[in-house]
Structures are given as structure tokens and as C-alpha cells.
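Chemist: Any chance you can model this:
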Amino acid sequence: MTTTPWGFGLAGALLAGSLFAQAAETPLARLEADGGKFGWDSITLGMSSVQVERRTGVTLAMQERSASSTEGACMAFSVTVERGTLRLTLGFPSSRPGAKLQSVYVHFEGYQIAAKREALVRELKEKVVGATYQPPKIQPPPAEVDDPAPSYLLPGGEYAARLVPGDGLWITLRECLD
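Modeler: Okay, the predicted model is just below:
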């Protein structure tokens, strides 16, 4: 009879546990929507770049984006940071230390990429009660169920979110989606 050292069994159990824990977390579990503040994993829109540096523990080396960028002023300067296992692209109107965070793009990984559009929309609406569909400015506008990357106005009217199934979630100022 062959025996396996208990270390291999323990390592296998830890690996299986971590995979189970990841699968148990919903794709938008770290989305925050409290008291009119919106963000991801304790990084909220409106924070200064200094506050974001303190939260992430890294100095933000912002890069100026091209003028042709579709995100305009909300992402005039951006930086990518790691948060947990995810990559976030943060957008600021300037590179000054007091610049306020105007945009967070969460790049999905692993099980989040596989999440179905319907499940993402349902979870967003459960987490952000009062989120309302904002059709794109094309004619004729698609119905919410047919929109491949639906946008939602968030309660309070200042912020919006766009779900891009298979890719990510964009949380930003409302005018940035126009």
C-alpha cells in the first residue's frame, strides 16, 4: 500500500478550498454602493489620488491618455493598479495630488469573464437598488435585454455603470458615458 505524505493532502485541500471560495464569490461581490458612494473594494469615486495611494499602498504613476480616447476628461490621466486578484484602471481629470477619482474600470478575471450578461445585470440591480437602464444614443436604441454592454444610471444621478460581459465593469461619472 502506498501512502501520500500528509503535506500533499493538505496542499490539495487548501487548493480546493481556495477554488471553492473563488467560485462562491459573485462577480460583482466587491462592488460598493453605500450612501451615494460607488466604487470597487474600498476605492470609491471622488477619492483624491492621495487617498487612493493610501488605500492601494502604491504610488500612482499616472499616464496621460490620448485626446482621441472615448472616455474623455474622466480618463485624461489613468493608472492601472492591482486590487486583490484584479486589475483596475483608475481615471483622473489631472495628475495633481488632489485630483478626484472619476472612473474605475474593473478588468474581469477567471469566473467573472464567464459570467452571463443576465446574471451580471441582475447582480448589479440587486446591489444598487434603483439603477436604471440608460440606452445608448443610437437610433433606434436597443432594448435593455439586447444591449451587449448595458449602461445604468446609479441612484443620485451623478454616477453611472457600464457592464461589459466577458471583459469588465466601468463605474464613472454620468457625463463620461455620453
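
Chemist: so what secondary structure elements neighbour the helix or strand hosting residue 53?
Modeler: Secondary structure from DSSP states H and E places residue 53 in helix 49-56. Counting contacts by 3 or more CB pairs under 8 Å, 6 or more residues apart in numbering; DSSP states H and E, helix 49-56 packs against strand 43-44, strand 77-83. To be clear about C-beta, it is placed using only N, CA and C from the backbone, and glycine gets the same treatment.

Chemist: So what touches the helix or strand just after it?
Modeler: Scanning forward in sequence from helix 49-56 by DSSP H and E, the next helix or strand is strand 63-64. Contacts of strand 63-64 with the rest of the structure, by CB atoms under 8 Å, 6 or more residues apart in numbering, involve 76, 77, 78, 79, 95.

Chemist: cool, stretch 89-99 as well?
Modeler: 43, 48-50, 52, 60, 62, 64, 71, 73-81, 100-105, 107, 172.

Chemist: Just the buried subset of the residues you listed, please.
Modeler: Buried members of these, counted by 16 or more other CB atoms under 10 Å: 43, 49, 52, 60, 62, 71, 73-79, 81, 100-105, 172.

Chemist: pLDDT and distance to residue 120 for the contacts of strand 63-64 - can I get that in CSV?
Modeler: Output for the contacts of strand 63-64, formatted as CSV (pLDDT from 0 to 100; distance: CB to CB, whole Å):
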residue, pLDDT, distance to residue 120
76, 89, 28
77, 93, 28
78, 93, 23
79, 94, 25
95, 90, 32
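
Chemist: And those, which two are furthest apart?
Modeler: 76 and 79 (11.8 Å; CB to CB).

Chemist: Show me the residue sitting in the middle of this structure in space.
Modeler: Of all residues in the chain, the one closest to the mean position by CA atoms, centre = their mean is residue 106, 3.0 Å from it.

Chemist: which residues are contacting the helix or strand where that residue lies?
Modeler: Assigned by DSSP H and E, residue 106 belongs to strand 103-107. Contact with strand 103-107 is made by 39-40, 43, 45, 71, 74-75, 78, 86-92, 167-173, 176, as judged by CB under 8 Å, 6+ apart.
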